[in-house]
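Trainee: Sequence first, predicted model second:
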Amino acid sequence: MDGEEQIKKAYESILMHDFEQAVEWFGRAIAMNPHNAAFHYKLSITYARSNKLNKAIEHARQAVRMDSRETPYRLHLQNLQAKAFMVKAERYFTENEAQLWLAVSLLKRAIELDSLCLEAYLLLGHGYAMLKEYDQAISAIHTLLELDPQHEMGRRLLLEYQQRLKEKNNDSNERRKDWI
């Protein structure tokens, strides 16, 4: 047997919204044909849909290792890795400046991997705003809005960050006047 029957059963399970059963069927297919990159890719997608990011990345890596020519496999792995960077970055959103810079760095890496990820740009803008780097926050939100001009939160944050930048610049000008 080559595992195709198990793949069919996995898809039937998905249609019934039984993702745990689908994972089990994909696992059986892989046990029968462990070097089938497509099986690992399909299992990775199922894990990703179940928010089991580490398992999803593990099987996506296996699919890419087995068949690196398949562009969908590589893109899927990159998207998962970007998501992992975002999840990690969110843990560093604190009042600690060093941790905020680490979050910004992780989000930039996520964007390198998935340049269409709206959430990464949104979080990047938020991180920069927390650091009072409003020019960079505005730039991140601008990119978000180029990708999705109707993004409501992005539109709201753009106005907020522009206002904060204006206030910051006014404060700087006032301090300069006091020195003169």
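Mentor: Received the coordinates, thanks. Residues are numbered from 1 along each chain as shown.
Trainee: Run the chain-centre distance for stretch 90-98.
Mentor: Distance of stretch 90-98 from the chain centroid (Cα atoms, centre = their mean, to the nearest Å) equals 18 Å.
Trainee: For it, give me every contacting residue.
Mentor: 99, 100, 102, 103, 106, 123, 126, 127, 130, 131 (Cβ atoms under 8 Å, 6 or more residues apart in numbering). Every residue, glycine included, has its C-beta placed from N, CA and C.
Trainee: Return the subset of those lying in strands.
Mentor: In strands, judged by DSSP state E, none of the contacts of stretch 90-98 are found.
Trainee: okay, now the domains of the chain?
Mentor: Structural domains of the chain, as assigned by automatic domain parsing, span the residue ranges 1-69, 94-180.
Trainee: Any chance of JSON lines for those, columns mean neighbour count?
Mentor: Listed next are the domains of the chain as JSON lines, based on neighbours: other Cβ atoms under 10 Å:
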{"stretch": "domain 1-69", "mean neighbour count": "17"}
{"stretch": "domain 94-180", "mean neighbour count": "16"}
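Trainee: Residue 83 is nearest to which of those?
Mentor: For the domains of the chain, proximity to residue 83 was assessed by Cβ to Cβ; domain 1-69 is nearest, at 6.2 Å.
Trainee: Figure out how far the closest one is from the centre of its chain.
Mentor: 21 Å.
Trainee: Repeat that for stretch 97-105.
Mentor: Using Cα atoms, centre = their mean, the offset of stretch 97-105 from its chain centre is 17 Å.
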